[in-house]
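# please work out how this folds:
(2 chains)
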Amino acid sequence: MSSVQIRDVRKSFGNFEVLHGVTVPIEDGQFVVLVGPSGCGKSTLLRMLAGLENITSGTISIGDRVVNNVQPKERDIAMVFQNYALYPHMTVGDNMGFSLKLRGASSDEINKRVKRAAEILALSPLLERYPRQLSGGQRQRVAMGRAIVRDPQVFLFDEPLSNLDAKLRVAMRTEIKELHQRLKTTTVYVTHDQIEAMTMADKIVVMHDGIVEQMGTPLELYDKPDNQFVAGFIGSPAMNFLKGHVRTNGVAVFEGPNGVKLPLKTAPTASDGRPAVYGVRPEHFTIADDGAEAEIVVVEPTGSETQVFAKIGGEQVVAVFRERHQFNPGDKVRLKPDPALVHLFDEATGKRLNA
Amino acid sequence: MREVNAWTQLKHNRNWLGFWFMLPAMAFLIFFLAYPLGLGIWLSFTDTRIGRVGQFIGTENYEWLWDDAIFWLSVTNTLLYTFVASAFKFGIGLYLALLLNEHMPFKAMLRAMVLIPFIVPTVLSALAFWWIFDSQFSIISWSLKHLGLISQNINFLGDTTWARICVIFANVWRGVPFVAITLLAGLQTVSPSLYEAATLDGASRWQMFRHITYPLLTPIIAVVMTFSVLFTFTDFQLIWAMTRGGPVNATHLMATLSYQRAIIAGQLGEGAAISSAMIPFLLAAIMVSWFGLQRRKWQQGESND
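Reported below is the predicted structural model:
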């Protein structure tokens, strides 16, 4: 186990820069998730950490050692690939023991470590099988077993769950988290799925277009997104955004589309009439008499909660209610955002305006 | 009324319909493969000559061949030719495939160039080799003489050992592209992430070849080498254009000897017997590949343990 420091790392393919100076400190034993839309550079960063891509500039260190010019096999890392990259012609046991075999470990040693990893992952009955004879979830576990066997300083995961069906994904998510809690190995996990990031991470790094938009604990990002991108990326269903202006004469209020008035707790340090984006999470709407007038468009009950699509000032928003309201399309209701929980962003830069 | 019923039934019978769909393929196989093969085997048991219908003479042709030193020489030649040429084709083909699978400038052009020997008609390339190995005008002899390495022309196609080397060389030159391109196709089916995983597992280049590339390539190697062996064993064009089996039958293969006896000398029965004698060898080669081609356990999807 050891810490990982990524300092001002840049990556160019030819003249095209894909990472524009990324700095991510990772503490010993932390579970860090790099998350972002496809093409944001998260996988490239992981591959640079693994040594599969060169570092154009900046430094990456594992423990106290700068690894920019260290061969992948010397970095003491193990990686789980998106397609698992299991050797099809080797049994599960041979797949897991391959790295040890290459290092010249004795067959007793290999057997012992493979057996131990297989027990951790409940793979013991499958050791003689070939990858083709396994289900998706089993292959996924073998890929993890191959990483565990080596007892590395850092685990790297490259979208490991994206080839699994939805149900299995949820189960494996828990399994990976449990594994991390047990082994406490520093882990860097890449995904495009914000729910995976939220549920698994100690620290989330949100990336977008080759830069880090924000990093922090899952709830920090959820409660206090630094900018409109993070606000929209984290959370499902996504945050609602309404464009308009801040009004500060008298009581602070947000003037939304078509003059709809939306409440603000305190006025941001901004002049009257400043253009801004009002962000409110679907679960922060309540039905209240002093709410904004809204017309219900679609109602989607899921049992535990109900998603309601409605129009406020002509703009569509989504609200989520845990209590069971009797709504019908076309109904007029009054939706009130909780003023303590709304977010305000600069319209041009997307930066957060309220504290 | 009954007959109509029977006819309607027949029309809707899927097996009957299936039979009609199979018929063209069946006719093709029977007329162009099974019939000539059967005829060849039948002829080998007769004393047919060109212009004379033969009579059944049992195994007399084969008995004659058993005591024929030239026939046995041609068998040895064929085995030597097939074995040596196939080994070289495999070695050079695999080397080229690995080379062409690397990233390098003009990759597409180089890959296309490798195919040239395969595209040129065999007889044409054989003629070129005939000229290259000519006793008087050979460019090799000329070059070596000018370099001062030899004082006299090498009699490439006139010396028994040289002639064998030359025809094997020409066959390898012609056969390498097929092996190389097929193996290259095989190499490209190996997922790059396997190499990345192996890199992280600490494999050197040689270990990657030994533990990943080669095992994953074995199924396609089995296919390509089977075909290569069959083509080489039955080779005719190259030999006939370059040496006609000479000098002193040193390069006579079973196919060329069969042609010489059957068509040139007119002894159709005897020629057919030589051709038929190739069948056991070819069957043996196919059997070897049949077992080599059996799906390996790791290729099977279902659990069978």
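# what about the nearest residue to A:Ile148 once chain neighbours are set aside, neighbour count?
Counting by C-beta to C-beta, 6 or more residues apart in numbering or on different chains, the nearest residue to A:Ile148 once its immediate chain neighbours are dropped is A:Ala117, at 4.4 Å. Every C-beta, even on glycine, is put in place using the N, C-alpha and C of the backbone. By other C-beta atoms under 10 Å in any protein chain shown, 24 other residues sit near A:Ala117.
# so what's A:Ala117 up against?
A:96, A:123, A:145, A:148-149 (C-beta atoms under 8 Å, 6 or more residues apart in numbering or on different chains).
# confirm it sits in a helix?
Yes: secondary structure assignment (DSSP: H, G, I helix; E, B strand; the rest coil) places A:Ala117 inside a helix.
# give me the low-pLDDT residue ranges for the chain?
If you meant another chain, say so; for now it's chain A. In the predicted model of chain A, residues A:1, A:267-271, A:355 satisfy pLDDT under 70.
# I was thinking of chain B, sorry if that wasn't clear
Using pLDDT under 70, the flagged stretches of chain B are B:1-4, B:293-305.
# residues of the stretch 1-150 of chain A that sit close to chain B?
Within the stretch 1-150 of chain A, the positions adjacent to chain B are A:50-52, A:72-73, A:77-79, A:81-83, A:85, A:87-90, A:98-99, A:102-103, A:128-133, A:146 by C-beta under 8 Å from any C-beta of the partner chain.
# just to be sure, which of those are found in strands?
Judged by DSSP state E, the subset of those located in strands is A:77-79.
# element containing the nearest residue to B:Asn153 once chain neighbours are set aside, please.
Leaving aside its sequence neighbours, B:Asn153 sits nearest to B:Ser141 (C-beta to C-beta, 6+ apart; 4.2 Å). Using DSSP states H and E, B:Ser141 falls within helix B:139-146.
# does the helix or strand following that helix come close to chain A?
Sequence order places helix B:160-188 as the next helix or strand after helix B:139-146, per DSSP H and E. No: contact check for helix B:160-188 against chain A, using C-beta under 8 Å from any C-beta: none in range, with a minimum separation of 13.4 Å.
# hang on, the earlier thing: in the helix holding B:Ser141, what's buried?
Neighbour-count burial for helix B:139-146, counted by 16 or more other C-beta atoms under 10 Å in any protein chain shown, picks out B:141, B:144.
# what of stretch A:297-307?
When burial is assessed from 16+ other C-beta under 10 Å, stretch A:297-307 yields the following buried residues: A:299, A:306.
# contact partners of that stretch?
When contacts are taken as C-beta under 8 Å, 6+ apart, the neighbours of stretch A:297-307 outside the stretch itself are A:237, A:282, A:308-311, A:316, A:318-322, A:324-325, A:327-329.
# look up the closest residue to whatever residue of the stretch 251-355 of chain A ends up closest to chain B, ignoring the ones flanking it.
When you check the stretch 251-355 of chain A against chain B by C-beta to the nearest C-beta, the closest residue turns out to be A:Gly350, at 36.0 Å. Distance criterion C-beta to C-beta, 6+ apart; nearest residue to A:Gly350, sequence neighbours excluded, is A:Gln228 at 3.7 Å.
# which ones are touching the one you found?
A:241, A:277, A:279, A:345, A:350.
# mind listing what's buried along the longest strand seen in chain A?
Under DSSP E, the strand in chain A containing the largest number of residues is strand A:285-301. Of the residues in strand A:285-301, A:285, A:287, A:291-292, A:294, A:296, A:299 count as buried by neighbour count, 16+ other C-beta under 10 Å.
# mind putting those residues into JSON lines with distance to A:Asp193?
Formatted as JSON lines, these follow (distance: C-beta to C-beta, whole Å):
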{"residue": "A:Phe285", "distance to A:Asp193": "25"}
{"residue": "A:Ile287", "distance to A:Asp193": "32"}
{"residue": "A:Gly291", "distance to A:Asp193": "33"}
{"residue": "A:Ala292", "distance to A:Asp193": "32"}
{"residue": "A:Ala294", "distance to A:Asp193": "30"}
{"residue": "A:Ile296", "distance to A:Asp193": "30"}
{"residue": "A:Val299", "distance to A:Asp193": "26"}
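# farthest-separated two in these?
A:Ala292 and A:Val299 (18.3 Å; C-beta to C-beta).
# now do the domain split for chain A, please.
A:4-227, A:237-346 (automatic domain parsing).
# quick one, what contacts the residue most central in space within chain A?
Nearest to the mean C-alpha position of chain A, by C-alpha atoms, centre = their mean, lies A:Ala197 at 3.0 Å. When the contact criterion is C-beta under 8 Å, 6+ apart, the partners of A:Ala197 are A:33, A:35, A:191, A:204, A:218, A:234.
# among those, which are located in helices?
Under the assignment DSSP state H, the contacts of A:Ala197 contribute A:Pro218 to helices.
# only the buried subset of the contacts of A:Ala197, as a PyMOL command please.
The following PyMOL selection, which keeps only the buried ones among these, applies the criterion 16+ other C-beta under 10 Å:
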select buried, chain A and resi 33+35+191+204+218+234
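# which one of the contacts of A:Ala197 is nearest B:Pro177?
A:Thr191 (45.3 Å).
# quick one: the closest one from chain B, how far?
To chain B, A:Thr191 is 17 Å away according to C-beta to the nearest C-beta, to the nearest Å.
# was I right about that residue contacting A:Val33?
Yes: the criterion here is C-beta atoms under 8 Å, and A:Thr191 meets it with A:Val33 at 6.2 Å.
# how close does B:Ser135 get to chain A?
The spacing between B:Ser135 and chain A, counted by C-beta to the nearest C-beta, is 51 Å.
# no, scratch that, I was asking about B:Phe31
Counting by C-beta to the nearest C-beta, the gap between B:Phe31 and chain A amounts to 42 Å.
# please apply the same query to B:Glu270.
The span separating B:Glu270 from chain A equals 49 Å under the rule C-beta to the nearest C-beta.
# next SSE after the longest helix seen in chain B?
Among the elements of type helix in chain B, defined by DSSP H, the one spanning the most residues is helix B:69-100. Once helix B:69-100 ends, the next helix or strand along the chain (criterion: DSSP H and E) is helix B:107-114.
# now do the following helix or strand past that next one: which elements does it pack against?
Next along the chain after helix B:107-114, taking DSSP H and E as the criterion, comes helix B:116-119. Applying 3 or more C-beta pairs under 8 Å, 6 or more residues apart in numbering or on different chains; DSSP states H and E, we find helix B:116-119 packed against helix B:160-188.
# check which element follows the helix it packs on along the chain.
Beyond helix B:160-188 in the direction of the C-terminus, DSSP H and E gives the next helix or strand as helix B:192-201.
# buried residues in that next one?
Using 16+ other C-beta under 10 Å as the test for burial, helix B:192-201 gives B:193-201.
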